[in-house]
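>>> From the sequence below, what's the structure:
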Amino acid sequence: MLNDSEKPEADNYIERHGDARVIPIAFKEYQEWGEFVYNDQLLEIYQNQISEAEGNDDKIQKLQEQMKKSSEIKESAFKRMSTRLSGN
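The predicted structure is shown next:
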């Protein structure tokens, strides 16, 4: 375990404090991977919120619209990532 004065051998992560998450440097180099992961997490959050919003049709409809948008972004990011990795 590192103490406050020690630095990790490989600086693979950018530390953020507060509510933000640790962001791998790969997400900066491969933005589409970051978009894919972020929107995948949003889809899970929206699904949980829909489960909790039982009976609130307006909220469920708004969440479903957000899910559709996140799903489209995730799919687009996946296609761009696949194209990049296939070398085309």
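>>> where in this protein is pLDDT low?
Confidence mapping of the chain against pLDDT under 70 gives the ranges 1-27, 88.
>>> give me that answer again for 90
Scanning the chain for pLDDT under 90 picks out the ranges 1-34, 54-55, 81-82, 84-88.
>>> just checking, what packs against the longest helix along it?
Taking DSSP state H as the assignment, the helix of the chain that covers the most residues is helix 57-86. Using 3 or more Cβ pairs under 8 Å, 6 or more residues apart in numbering; DSSP states H and E as the contact definition, the elements that helix 57-86 packs against are helix 31-52. Where C-beta positions appear, they are placed from N, C-alpha and C, glycine not excepted.
>>> quick one, phi/psi of Tyr30?
Main-chain torsions, Tyr30, degrees, to the nearest 10: phi -120, psi 80.
>>> you'd agree it is up against Ser82?
No: using Cβ atoms under 8 Å, Tyr30 and Ser82 do not qualify as a contacting pair, with a distance of 11.8 Å.
>>> For those two, work out which one has more neighbours and name it.
Tyr30 (17 against 11; other Cβ atoms under 10 Å).
>>> need the contact list for the more buried one.
Tyr30 makes contact with 81, 84 under the criterion Cβ atoms under 8 Å, 6 or more residues apart in numbering.
>>> quick one: it and Arg80, what's the gap?
Using Cβ to Cβ, to the nearest Å, one obtains 9 Å as the distance from Tyr30 to Arg80.
>>> One more: Val37?
Summarising the geometry, the distance separating Val37 from Arg80, computed by Cβ to Cβ, is 14 Å.
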